[in-house]
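Q: When you get a sec, could you give me coordinates for this:
(chains A and B)
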Number of protein chains: 2
Amino acid sequence: MTDLIPPTMILVRPQMGENIGAAARAMLNFGLERMRVVGPRDGWPNPKAAAMASGAGRVLDNAGLFADVKAAIADCDYVFATTARGRELVKPVVTPERAMEMARAMAHEGKRVGVLFGPERAGLENDDVILANAIVTVPVNPEFPSLNLGQCVLLMGYEWQRQKADVAPEVMELARTEFANRLEVERLADHYEERLGDASFFYPPDKAPMMKANLRNMWGRLNLTRAEVQTFHGMLRQIAYALKKQG
Amino acid sequence: MTDLIPPTMILVRPQMGENIGAAARAMLNFGLERMRVVGPRDGWPNPKAAAMASGAGRVLDNAGLFADVKAAIADCDYVFATTARGRELVKPVVTPERAMEMARAMAHEGKRVGVLFGPERAGLENDDVILANAIVTVPVNPEFPSLNLGQCVLLMGYEWQRQKADVAPEVMELARTEFANRLEVERLADHYEERLGDASFFYPPDKAPMMKANLRNMWGRLNLTRAEVQTFHGMLRQIAYALKKQG
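A: Here you go, the predicted model:
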């Protein structure tokens, strides 16, 4: 998986240096390092971009500068154009999820994928979108569709990274935890059943078997760690000891 | 689908007004409107937050202000804590994808889900995380894990929105069970802490705070059903009563 070529993020006529820096940070958050910049409004390199990027400065240092979109995508096998509003173009429109799924499949084939992001205010022009194979639109609230450049790059990077994880993290977390084995859980159940019996907890007598069964079922269901089993033993022991002494 | 209760985004001790405003925008981008704020550093309402939120001002206007995390999550049935770094707590750690899958399943059952976000610099404290049922961690590049508050809220909102209808059966199973809400778990933890305190369980005194924290974390982690919480109350009550009588 590690030698997949990640998609190239191509900022088209970006305006504010801060947004370019934010895009670089968002990329590096998700392990993307290939940035290209087309006709940045304030020239290149851009000190405000560098200041904002801080730890992600190397993404800017290594970014390619291009005069127009055609040149920036010349070596790409497939290009996505991110747009917020619908276009009067016959072109597939996909979600970020689907786009990065496609990008991953193409990367497996050794293909290069580019993603175009438009300038902050107006977005990509139709002439830019025409050069792309497909449109990506983030499914935002139509009444408040105000994603900025950095956020848009962030979501694409997130999707690229998300689809890489094949094992659910919670499963890994569970694997590292020392859970009690069945015998330890049995003994804990015995301990509580005994003390609770002494304390006349299982009442009335005809309900006792069912109450005991429910209690054992609960101990089994809780998925206690080894440490937690010790804690439950300790709590019961200490309370019983203290109350006896007190009496 | 439209009447699902979306998760409540709970900003814990947020610092910069700009970040609170950015969080409000990120929420509204994905149709989330329930914000709660716990102990904001610069008071409430916050003019800088309002300026940054611009079109999403109503999210701030309707936000609930709370003195502490306990109060902010009292009516939640399930709480996620977002953290960047790992914690020494036994608690499931899930991806945003999985978290919002769970949230959606629970929302289908009419349950309320809260998501805690920590202050910008330090993140949530362990005492906050202990109150949650599970931890959410965004799978960022470990060498550059610099997500800010607004980005973190954005990604959770994106995941909520992205997942339309399909919910894994095992998640539905989880949603159908009558789990205790946070307040009920709190009260159970209080009950045990009190009795164990009477029984001098928390010894030596300098270890007591850590022992109490671990115990509370355990109660939170166990995902007790409402019936199990009653069982644990009942066991403690009966043992204490019987031993006193005996003495």
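
Q: so who does the residue nearest to the spatial centre of chain A touch?
A: Most central in chain A under CA atoms, centre = their mean is A:Arg162, positioned 5.2 Å from the mean C-alpha point. By CB atoms under 8 Å, 6 or more residues apart in numbering or on different chains, the contact list for A:Arg162 reads A:100, B:95, B:97, B:139. Where you see a C-beta, it was placed from the backbone N, CA and C, and this is true even at glycine.

Q: Does the top helix by length along chain A reach chain B?
A: Criterion DSSP state H: the longest helix present in chain A is helix A:226-246. Yes: judged by CB under 8 Å from any CB of the partner chain, helix A:226-246 comes into contact with chain B through A:227-228, A:231, A:234-236, A:238-244, A:246.

Q: now the strands for chain A?
A: A:8-12, A:35-38, A:64-66, A:78-82, A:93-94, A:113-117, A:134-136 (DSSP state E).

Q: strands paired with the fifth one, and their directions?
A: So that's strand A:93-94. strand A:134-136 (parallel) (DSSP bridges).

Q: Give me the contacts around the partner strand.
A: A:78-83, A:87, A:89, A:91-96, A:99, A:102, A:115, A:129, A:156.

Q: Please apply the same query to stretch A:41-59.
A: Here stretch A:41-59 has contacts from A:13-18, A:20-22, A:24-25, A:27-28, A:32-33, A:35, A:37, A:40, A:60, A:65, A:119, B:144, B:146, using CB under 8 Å, 6+ apart.

Q: on that earlier part again, reformat the strands of chain A as a markdown table; add distance to B:Ala189.
A: A markdown table is the format used below for those (distance: least, CB to CB, whole Å):
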| stretch | distance to B:Ala189 |
| --- | --- |
| strand A:8-12 | 47 |
| strand A:35-38 | 49 |
| strand A:64-66 | 57 |
| strand A:78-82 | 47 |
| strand A:93-94 | 47 |
| strand A:113-117 | 48 |
| strand A:134-136 | 47 |
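
Q: and those strands as TSV, adding mean pLDDT?
A: As requested, these are arranged in TSV below (pLDDT from 0 to 100):
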stretch	mean pLDDT
strand A:8-12	98
strand A:35-38	98
strand A:64-66	97
strand A:78-82	93
strand A:93-94	86
strand A:113-117	96
strand A:134-136	90
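
Q: now these in CSV, with mean neighbour count?
A: Formatted as CSV, the strands of chain A follow (neighbours: other CB atoms under 10 Å in any protein chain shown):
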stretch, mean neighbour count
strand A:8-12, 25
strand A:35-38, 22
strand A:64-66, 15
strand A:78-82, 25
strand A:93-94, 16
strand A:113-117, 26
strand A:134-136, 21
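
Q: Would you enumerate the residues in contact with A:Phe117?
A: Contacts of A:Phe117 by CB under 8 Å, 6+ apart are A:9-12, A:14, A:23, A:82, A:124, A:149, A:152-153.

Q: what do you get for A:Thr8?
A: A:Thr8 neighbours (CB under 8 Å, 6+ apart): A:34-36, A:76, A:112-115.

Q: and what of A:Glu120?
A: Neighbour list for A:Glu120: A:14-16, A:19, A:148-149 [criterion: CB under 8 Å, 6+ apart].

Q: redo that, cut-off 6 Å
A: By CB atoms under 6 Å, 6 or more residues apart in numbering or on different chains, the contact set of A:Glu120 is A:15, A:19, A:149.

Q: gap between the second one and B:Gly57?
A: As judged by CB to CB, to the nearest Å, A:Asn19 and B:Gly57 stand 23 Å apart.

Q: Between the two, point out the one with more neighbours.
A: Using other CB atoms under 10 Å in any protein chain shown as the criterion, A:Asn19 and B:Gly57 rank with A:Asn19 on top: 22 against 17.

Q: Pretty sure the more buried one sits against A:Leu147.
A: No: with contact defined as CB atoms under 6 Å, A:Asn19 does not reach A:Leu147; the gap is 11.7 Å.

Q: residues from chain A in reach of chain B?
A: A:28-29, A:31, A:55, A:139-141, A:144, A:151, A:154-155, A:158, A:161, A:165, A:169-170, A:173, A:177, A:199-201, A:218, A:222, A:225, A:228, A:235, A:238-239, A:242-243, A:247 (CB under 6 Å from any CB of the partner chain).

Q: I'd say A:Ala23 and A:Gln151 touch.
A: No: between A:Ala23 and A:Gln151 there is no contact under CB under 6 Å: 9.5 Å.

Q: Nothing else from me, thank you.
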